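S.K.: The following block contains a protein sequence and its predicted model.
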Amino acid sequence: MPTTLTLFDPEDMDDAPQPPLTRVRMTVAYDGTKFHGFAVNPGVSTVGGSLLEALERVLRHPVDLTCAGRTDKGVHAHGQVVDFATTEGIDLDALVRSLNGLCGPSIAVRDAEVVDEEFSSRFDATFRRYRYTIHNAAHPDPFSTNTAWHVREPLSLDRLRLACDPLLGTHDFASFCRRNTRADGTDAPTVRDVLDARWEVDPDGTLRFWIQATSFCHQMVRSIVGTLVEAGLGKKTPGDILGIIAARDRAAAGPVAPPHGLSLWEVGYPDPT
């Protein structure tokens, strides 16, 4: 499914703008609970579809909207990045206010800026950073129901942290990825470079897993979390992670963690010169 989104009915819009154009980059946060993922999907509510509809309503011209990374149904974002082209001289503050008025509170545009006309939120990204939240307690927490995975059994923080070490570096993560067959019948590559993987504990005991990589395979983070939780429960040892990676077999890893604990936290780009 493409990361460039288009939603435009010429009968409802003014004529498309003529050059000169300018490219705008926006940082977007959203609660993915009620959305069927980011990508436009006719007949269902998606983050990209809602944002695109609002953009075209405000700008009064068709928009090609590109995102840094598509998120699945129920997954959240704090720092999703999107870009699109519009006419020069746009009032970015007014645009942000209008979009937040139309899309909020489930979708919030955090900032907007004019960037180089060649900028691509997807292809120029140097890393993506995700956060996964776990409420590890015997009782549920009504206030984190939509944003944290409730794991009742006690998790060993030492085991969780030790199990992170084998993930670092460049590996074939086929064991943690949903198989993706391309149009030519070949499997999409599953080699990824993980730059950081670690657990932190909030003062209230909430566990947060942070992972940063140049890019991710489909369901990679959730599959890793599900496997690490098994290590934290003692069902796997931290040393098993190396063997799971080497197996290149999805059946070797643990279950896929539920989507609602996951958030696309940050997308990195080269410093402007």
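M.R.: Thanks, I have the structure now.
S.K.: beta partners for residue 209?
M.R.: Under the criterion DSSP bridges, residue 209 forms beta bridges with residue 132, residue 199.
S.K.: Residue 24 is in contact with residue 114, correct?
M.R.: Yes - between residue 114 and residue 24 a contact is recorded at 6.0 Å, counting by CB atoms under 8 Å. The C-beta positions use only the backbone N, C-alpha and C, and glycine is treated the same way.
S.K.: Give me the more crowded residue out of those two.
M.R.: residue 24 (21 against 15; other CB atoms under 10 Å).
S.K.: For that one, grab phi and psi.
M.R.: Backbone torsions of residue 24, given as degrees, to the nearest 10, read phi -120, psi 140.
S.K.: got a list of what it touches?
M.R.: By CB atoms under 8 Å, 6 or more residues apart in numbering, residue 24 lies in contact with 83, 84, 85, 86, 90, 92, 95, 112, 113, 114, 115.
S.K.: From those, list just the buried residues.
M.R.: Among the contacts of residue 24, those classed as buried by 16 or more other CB atoms under 10 Å are 83, 84, 85, 86, 90, 95, 112, 115.
S.K.: Okay, helices next: where are they in the stretch 151-273 of the chain?
M.R.: Secondary structure of the stretch 151-273 of the chain by DSSP state H, counting those that start in this stretch: the helices cover 157-164, 220-232, 240-247.
S.K.: Repeat that for the stretch 1-150 of the chain.
M.R.: 47-59, 92-103.
S.K.: From residue 81, how far off is the nearest residue to residue 269 once chain neighbours are set aside?
M.R.: Counting by CB to CB, 6 or more residues apart in numbering, residue 269 lies nearest to residue 124, which is 5.6 Å off, once chain neighbours are set aside. Distance, residue 124 to residue 81, using CB to CB, to the nearest Å: 9 Å.
S.K.: Looking at those two, which has the bigger crowd around it?
M.R.: Remark: of residue 124 and residue 81, residue 81 carries more neighbours, 25 against 18, as counted by other CB under 10 Å.
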